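**Q** fold the stuff below for me.
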Amino acid sequence: MEISPNKQELLELAHYRMPFGKYKGRLLVDLPEAYLVWFKLKGFPAGKLGNLLQAMHEIKLNGLEPLIRKIERDFPKESL
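**A** Presented below is the predicted three-dimensional model:
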């Protein structure tokens, strides 16, 4: 089985900002891991935001933050 990441989803994940709460305006990659763990325990929101938060939790859990930061840096939102 081959796993192929969706490029558009990775670009969106790298540039998506938290839309509410204490961390409103922060990139999801900049959210504290404890905040993502709290969502995991309480339940991620429904829809797109929940999917992105869940993906970011897995990324942080597996130490892949540098990958998202590289995507953010190499593909600025303005150029998309």
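
**Q** residue ranges in this protein under the pLDDT threshold?
**A** For the chain, residues meeting the criterion pLDDT under 70 lie at 1-5, 79-80.

**Q** longest helix of this protein?
**A** Taking DSSP state H as the criterion, the chain has its longest helix at helix 47-61.

**Q** for it, enumerate the helices and strands it packs against.
**A** With contacts defined as 3 or more Cβ pairs under 8 Å, 6 or more residues apart in numbering; DSSP states H and E, helix 47-61 has these neighbours: helix 7-15, helix 33-42, helix 65-74. Bear in mind the C-beta positions are built from the backbone N, C-alpha and C, glycine included.

**Q** which other residues reach the last one?
**A** Read that as helix 65-74. 10, 11, 13, 14, 15, 27, 29, 56, 59 (Cβ atoms under 8 Å, 6 or more residues apart in numbering).

**Q** before we move on, the earlier item: distance from the longest helix of the chain to the middle of the chain?
**A** The chain centroid and the centroid of helix 47-61 are separated by 5 Å under Cα atoms, centre = their mean, to the nearest Å.

**Q** stretch 24-41 too?
**A** 9 Å.

**Q** for stretch 40-51, same thing?
**A** The chain centroid and the centroid of stretch 40-51 are separated by 12 Å under Cα atoms, centre = their mean.

**Q** stretch 68-80 now?
**A** Worked out by Cα atoms, centre = their mean, stretch 68-80 lies 13 Å from the chain centre.

**Q** can you give me the distance of residue 50 to residue 76?
**A** Counting by Cβ to Cβ, to the nearest Å, the gap from residue 50 to residue 76 is 26 Å.

**Q** these two: which has the busier surroundings?
**A** Set residue 50 next to residue 76 and count neighbours by other Cβ atoms under 10 Å: residue 50 wins out with 13 against 10.

**Q** cool, thanks, talk later.
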